[in-house]
Each structure stands twice: as C-alpha cells, then as structure tokens.
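> Just a sequence and a predicted model for now, questions to come.
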Amino acid sequence: MSWFKRSDKGILTPTESKREVPDGLWFKSPAGKIVHTRELKNNAYVVPDEDFHVRIGSEEYFEVLFDEGKYTELDPNMESADPLKFKDTKPYPKRIKESQEKSQLKDAVRTAYGKMNGIDITIACMDFSFIGGSMGSVVGEKIARAMDHSLQTKKPILMISRSGGARMMEAGLSLMQMAKTSAKIALLDAAKIPYISLLTDPTTGGVTASYAMLGDFNIAEPGALIGFAGPRVIRETIGKDLPKGFQSAEFVLEHGFLDFIVDRRNMKNRLSTLLRMLQN
C-alpha cells in the first residue's frame, strides 16, 4: 500500500504553505514557446527565436521608444462624456467607467513627448485594451492636440495605431474624428513637420481610413493585421475566398500601401535614423 500512500507525513507541504505562480510571470507564444516575462521585456516584447510580436500598450511602447523611458504626458485626464445618450444593454458612461477600472487608462489613446535617441519627438499611442482601441471623440481630440503640440514645437510626431475602428457608441461624433485628424495632418505637411504612422496588430476600420494611412511614411510591425473591414465581412460580401495572408502587413506592403516593415527590436534606431535623414 505504500506505493499508493505516503507513509512519511513530514514531507507533505501544508495547503496553507503552497504558493501559486504569479500571474504574468511566464508568456506562452502561439507556437507554444514559454518565455519569462523579464526576457520578453528585455527583447522589446518580441518572442526570441520566433520573432512573434506580442501585443503591447502605450506604456510599453513609451518604454521601448523614449530614452530611458522618460516622457511628459499630454492631456492625461481627458475622458469621454455621453453626448448622444447611447441606448444599449449597458449605459455608455458605465462601460467607460468599467473600462477605465479594468485597463487603468482614461481612454484608448495616450500622447506624450520626450526624446528618442536624442531627437525631440511627440508620440501618440493607442491602447487596444480600452474598448478595442476604438476611436471616439477623446481619441480624436487627444491626437489632434498632440499634432498641435508638434506644430507649436516643430517636433516630428509618431502615431502608433491599434484599433478596431470607430466607436459605435459615439456614432457620427466618432466618424468626425477622421476628418479632424486628417485636417491636422495637412497642417503638419504644410509646415514640413514629419508625421510617421506605425500600424500594429490590428489596425482596422475608420482608423485605417484616416490618420493611420496618411503618414509621410507608413510603416508596420511584422504580421500585423491591417485593413478596413474584417476578412470575414469581405469574404461574405464578394463571395470569394481571399488570398493567403490577406490583410497581413506583408501583403499590404507587397501591394504598395506601406513603405516598410520594421521589427520592434529595431524600431527606435530605424525611426531615429529616418528622422535624422529628414532633418538633414
């Protein structure tokens, strides 16, 4: 019976002494590779050997791109109201509040300025964790103000997009942000201030149809999904199977809608080299 029962009770670990592995200590890639989060962070949140780019938020991008992770945030307390009194299964203000508590963000974009390899730059970065990175009035206003900051200071601006598209709870007001941000980009162009657009996984809907595709340079991370409507919607609309890799960054690059694809580990150096070339 000793085969099935421990006779020495002294080697048993009391239940109250057992500890669970902390959440987020390890990351498992889609291919099954297990990576310690410290190693992942040190590798710009790209899985070693696989080159899989993990989805990250504004805090991580600011950490990767700004020198020593130091920056000054613009409009940090701006948050959405409920101008349309949107009727849904859940009141819009309640959904905003829940998203804020869950994500620890005020809305789906953060904007900041600082230095990147010694170059002054403004960065606007979307957060998919806040209602799918949807573009509402706050997103459009914060991006427009970040562009105003670049116009005033003559600093280049980097827009990092990750979004499911326009926020339906703000309807027409959400769609108006496409025109507003596009008009600001025209002002940047007239002032000859570089505007670089970085598309990450996924970038879709009204964001793709506006500021995400209007950069002086449109670049993307490897494997990012980029498009207007989703593949399923397009397939059902045209009644045909889509090409392999349709809407991947590589497919979009091949068809002329991107200038180049950049590995996140090289992003900071590539961007600063590009900006120095433009300055010279």
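Right, received. Where do you want to start? Just so it is clear, the model here is predicted, and its values are computed rather than measured.

> top helix in this structure by residue count?
If you go by DSSP state H, the chain has its longest helix at helix 171-190.

> what about that helix, average pLDDT?
For helix 171-190, mean pLDDT is 96.

> Likewise for stretch 138-155?
Averaged over stretch 138-155, pLDDT sits at 98.

> buried sites along it?
138-147, 149-151, 155 (16 or more other CB atoms under 10 Å). Bear in mind the C-beta positions are built from the backbone N, C-alpha and C, glycine included.

> Which ones among the residues you listed lie within helices?
Judged by DSSP H, helices contain the following of those: 138-147, 149-151.

> Find the residue ranges of this protein scoring beneath the pLDDT cut-off.
1-24 (pLDDT under 70).

> Check which helix or strand the most centrally placed residue in it maps to.
The residue lying closest to the centre of the chain (CA atoms, centre = their mean) is Arg162, at 3.9 Å. Using DSSP states H and E, Arg162 sits in strand 157-163.

> Okay, strands next: where are they in this structure?
Counting by DSSP state E, the chain has strands at residues 26-28, 34-36, 46-47, 52-53, 71-74, 109-116, 119-126, 157-163, 195-203, 217-220, 260-261.

> Pick the most buried one from those.
Counting by mean count of other CB atoms under 10 Å, strand 157-163 has the highest mean neighbour count of the strands of the chain, with a mean of 27.

> any idea how far that strand is from the chain center?
Its chain's C-alpha centre and that of strand 157-163 lie 7 Å apart, by CA atoms, centre = their mean, to the nearest Å.

> what angle sits between it and strand 109-116?
Angle of strand 157-163 versus strand 109-116, following axes from the mean of the first three to the mean of the last three CA atoms, to 10 degrees, is 140 degrees.

> Strand 157-163 - contacts with which helices or strands?
helix 58-65, strand 119-126, helix 137-153, strand 195-203, helix 205-208 (3 or more CB pairs under 8 Å, 6 or more residues apart in numbering; DSSP states H and E).

> Quickly run through the sheet partners of that strand, with directions.
Strand pairing for strand 157-163, determined by DSSP bridges: strand 119-126 (parallel), strand 195-203 (parallel).

> Any idea which of those gets closest to Asp49?
strand 195-203 (19.3 Å; CB to CB).

> how about the nearest residue to Trp26, chain neighbours excluded?
Of all residues not flanking Trp26 in the chain, Ile34 sits nearest, at 5.6 Å (CB to CB, 6 or more residues apart in numbering).

> Could you do Ala209 as well?
Nearest one to Ala209, counting by CB to CB, 6+ apart, is Phe228 at 5.8 Å.

> re earlier: closest one of the ones in helices among the buried residues of stretch 138-155 to Ser99?
Nearest member of these to Ser99, counting by CB to CB, is Val138, at 11.7 Å.

> any idea how far the residue nearest to Pro243 when sequence neighbours are not counted lies from Lys268?
Nearest non-adjacent residue to Pro243, counting by CB to CB, 6+ apart: Phe251, 7.2 Å away. Here Phe251 is placed at a distance of 26 Å from Lys268 (CB to CB, to the nearest Å).

> try Met135
In this view, Met135 and Lys268 are 26 Å apart by CB to CB.

> Mind checking which of the two has more residues around it?
Neighbours per residue, other CB atoms under 10 Å: of Met135 and Lys268, the larger number sits with Met135, 32 against 17.
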